[in-house]
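Asker: Mind looking at a prediction? Sequence and model below.
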Amino acid sequence: MEDSLSMQSPSMSRRQLLNFLTGATIAATASAALYPAAKFFVPPQEGSADGSIIAKDKLGNPIPVSQIVAQGADARALVAGLAGEPTYLTVTDDNTLDSIGIVDNCTHLGCTFPWNDTDQQFQCPCHGSRYSPDGSVVRGPADRPLKLVQVNIEGDYIRIAPWTETDPRTGETPWWV
């Protein structure tokens, strides 16, 4: 009797194999469905280490420097800046881009406003605040100057970075830092 075959059970039964295959199929299907949902809730990282981004138009396309400079000296172009905030970029007298951009949000209640070329002012239509070309308050009810951003040219594209230095208009630490 010692020469007979041993009757040990196999390492995995048919039931265990089918349970494993069923579990693997469910896990693969669930992960394939959850991946796009998870990607939807994670915002894209387009900025660099210093927090700068490339300036874009209202459709999200990068704006070349040449397109803004072609408007001529003292022109103001409105672009999508940091966090999508509308930002004014200015062309200087020597047909280059100014290194300072002005965020288009009124410091009174956050309204957006146009540049009035006739009066050479930013004028908020909601409550009448007026700002000089550098963003300083000319008339209230706003009590703080407009937020600034740094503008750098990288190739033919514009990089907008947060302003962290001393505010050149007041000589103090900026209120938005």
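Answerer: Structure's in. What do you need? All figures in this text were calculated on a predicted structure; none of them were measured in a lab.

Asker: and S31, how many neighbours does it have?
Answerer: Using other CB atoms under 10 Å, S31 is surrounded by 10 other residues. Glycine gets a C-beta too; all of them are placed from N, C-alpha and C.

Asker: remind me, longest helix of this protein?
Answerer: helix 14-41 (DSSP state H).

Asker: Report the mean confidence score over whichever helix or strand comes after it.
Answerer: Next helix or strand after helix 14-41 toward the C-terminus (DSSP states H and E): strand 53-54. If you average the pLDDT over strand 53-54, you get 84.

Asker: Direction included, what does strand 53-54 pair against?
Answerer: If you go by DSSP bridges, strand 53-54 pairs up with strand 157-162 (antiparallel).

Asker: in the strand it pairs with, what counts as buried?
Answerer: Residues of strand 157-162 classed as buried by neighbour count (16 or more other CB atoms under 10 Å): 158-162.

Asker: Tell me which other helices or strands the longest helix of the chain touches.
Answerer: Judged by 3 or more CB pairs under 8 Å, 6 or more residues apart in numbering; DSSP states H and E, helix 14-41 has no packing partners among the helices and strands.

Asker: Give me the phi and psi for the residue nearest the centre of the chain.
Answerer: For the chain, the residue sitting closest to the mean C-alpha position, by CA atoms, centre = their mean, is A83 at 3.4 Å. Dihedral angles of A83 (phi, psi; degrees, to the nearest 10) stand at phi 60, psi 30.
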